[in-house]
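[1] Can you look at this prediction? I've put the sequence above it.
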Amino acid sequence: MSFICVNCKNSLEIDSEDITCASCSSVYHTVNNTPVLVNDSSFFLSEVFFSIKNHSKNVTHYLQQNKELSKFQADRAEIINRIIAAYQENLLIYDKMLDPIRKYVQADHFQYITLSHDPVVGKELLYLKRDWSYLPECEKELNIIITAVKMLIDKHSDNPENVFFIGSGTGRFAWEFSKLLSATVYCSDLSYRMMYFFNEIVNERPIKLMEINESNIYNIDDSCIPHTIQKTKDSSSGNIIPFISDVRNLPLRSASMDILLSIYFIDVMNVESYIQEIDRVLKPGGLFINLGPVGYPYDNFAHKLLPSEIKKVFTGFDFEIIDEDFVETPYMSSDKHLSTIVHKNWAFVARKRISNTIVSLNSVLGISQPLFVNREFTITNMGETDYRSAFFTKQGFQYENADFMIELLSRIDGTKSLQFILDEIQSEFEIDYDLQDLLNNINSLINIKVLKIS
Ligand SMILES: C[S@@+](CC[C@H](N)C(=O)[O-])C[C@H]1O[C@@H](n2cnc3c(N)ncnc32)[C@H](O)[C@@H]1O
């Protein structure tokens, strides 16, 4: 397997429920068969717990408001009560979801959790229905996407070995591609809730879901429709490896993936915040394949890049755009709705160039443009310290957990060889690092013209 610790970047063996990094002792919990490979696994799970509880509280408040209103709308009581009952049933799904994480929640985390707006909470039920209900209208939407992406893979790649789905949602696309390709498919999302659904479904634990249509329907019966969500009995997957991770700090080895697939993800956040991770984990010659709208439902408009700007981000990182097309699909369609949203999805393929510049230990490096460093300490009232480090380029590319690189970059002066600098650091700090990873990272900084070989 191709995992690294997201804190120290050394190899990580996924060998037990509570995984400990052999180099820096960071601990990663495994919840529901899914390793949580983020910066602070235990804090993350406390945040998840809090956010699900908060979601339930908000839904309950919303139901209470509608109950109050129903007092003045006696003739609407039936539809209002049906919808309230359906929401309450769905809240049971969220309650059950808390069980696997309860034991990791720490009370003292709660004082540090700020509820950042989590735009997707609640929306995962729409994805759950689209992806695993096997309703004809949902399968139609999925099939158009699967066919278009498969065609792009076949056209531009030969027998990929490792394929990675970023922001893989409830995992149906990853599941299907693990059968269509003879590759190992890595499937990851930052949402515990999405990955929870994937795990329940593949382990054959059906989920009782109420589809709720508050409006845009003709009959009262279409307001609440029960579904039992489960994979079809004859459906088995190929080789698929699920884990929770943040695309901005991936637990994957450098140059380990042949293809990265981004379906309905490019407009979730500005690609400039994770392009360096795409570049790092792809092999030279590897492909980034995108298919999805460019609607940016969640971000500030300052971050809403146009396709032409997204392509520029890739070419700036020494990718070439080798294909581009549009693929129309309905979006979350239901045969009960009185209208359908149609997406004109933007598909493009970017290939990582095989770099000509190869840095070696004898190379003397220079810095071509300013870099900005951010180091942050939080000291808790329990006396613990939480430390984060990152550096940024002037184009806005961001590198997290970058202590070793910051140390190295701060010593580059256009006269010392890389070997000399590494020896200097080693004699002062004795830090473990993976040499190949380090050379890959330096090459990628050379490619984007942050560093140069003097
Ligand atoms: C619009 S959904 C698409 C899901 C899936 N690709 C699909 O098409 O069904 C976007 C997904 O990105 C995930 N996501 C958001 N921020 C993320 C991050 N920083 N790292 C990884 N996944 C993230 C969300 O949890 C959500 O599942």
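    Yep, it's here. Numbering: from 1, shown residues only.

[2] make it CA atoms for all contacts and neighbour counts henceforth
    Noted.

[3] Neighbouring strands - and their directions - for the worst-scoring helix or strand of the chain on mean pLDDT?
    None of the helices or strands of the chain scores lower by mean pLDDT, DSSP states H and E than strand 398-400, at a mean of 76. Looking at strand 398-400 with DSSP bridges, its partner strands are strand 385-393 (antiparallel).

[4] what mean pLDDT does the partner strand have?
    On average, the pLDDT along strand 385-393 is 80.

[5] could you dump that strand to CSV, C-alpha only?
    Extracted as CSV, the C-alpha positions of strand 385-393 are listed here (Å, rounded to 0.1, in the frame of the first residue of the first chain):
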residue,chain,number,x,y,z
THR,A,385,0.6,22.4,22.3
ASP,A,386,-0.9,22.1,18.9
TYR,A,387,1.6,23.2,16.2
ARG,A,388,1.0,23.8,12.5
SER,A,389,3.4,24.9,9.8
ALA,A,390,2.8,25.8,6.2
PHE,A,391,4.4,27.7,3.4
PHE,A,392,2.8,29.5,0.5
THR,A,393,4.0,30.6,-2.9
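
[6] Number the chain from 677, please
    Okay, using 677 as the starting number, the last item reads as strand 1061-1069.

[7] Up against the ligand, what does this structure have?
    Residues of the chain found near the ligand, taking C-alpha under 6 Å from any ligand atom as the criterion, are 843-845, 865-867, 921-923, 939-941, 944.

[8] quick one: which of those sit in strands?
    Counted as lying in strands by DSSP state E, out of the residues of the chain next to the ligand, are 865, 939.

[9] Need the residues of the chain next to the ligand in JSON lines (columns: neighbour count and pLDDT).
    Listed next are the residues of the chain next to the ligand as JSON lines, based on neighbours: other C-alpha atoms under 10 Å; pLDDT from 0 to 100:
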{"residue": "843", "neighbour count": "24", "pLDDT": "97"}
{"residue": "844", "neighbour count": "27", "pLDDT": "98"}
{"residue": "845", "neighbour count": "28", "pLDDT": "97"}
{"residue": "865", "neighbour count": "22", "pLDDT": "97"}
{"residue": "866", "neighbour count": "20", "pLDDT": "96"}
{"residue": "867", "neighbour count": "20", "pLDDT": "95"}
{"residue": "921", "neighbour count": "25", "pLDDT": "97"}
{"residue": "922", "neighbour count": "19", "pLDDT": "96"}
{"residue": "923", "neighbour count": "19", "pLDDT": "97"}
{"residue": "939", "neighbour count": "23", "pLDDT": "98"}
{"residue": "940", "neighbour count": "19", "pLDDT": "97"}
{"residue": "941", "neighbour count": "21", "pLDDT": "97"}
{"residue": "944", "neighbour count": "16", "pLDDT": "94"}
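
[10] now for the helix or strand that the least confident helix or strand of the chain is followed by, which elements pack on it?
    Scanning forward in sequence from strand 1074-1076 by DSSP states H and E, the next helix or strand is helix 1079-1087. Packing partners of helix 1079-1087 (3 or more C-alpha pairs under 8 Å, 6 or more residues apart in numbering; DSSP states H and E): strand 1061-1069, helix 1094-1105.

[11] And the pLDDT for residue 1057?
    With respect to pLDDT, residue 1057 has a value of 68.

[12] for residue 833, that is, sorry about that
    Here, the pLDDT recorded for residue 833 equals 95.

[13] quick revisit: closest to residue 987 out of the residues of the chain next to the ligand?
    Checking the residues of the chain next to the ligand against residue 987 by C-alpha to C-alpha gives residue 941 as the nearest, at 15.0 Å.
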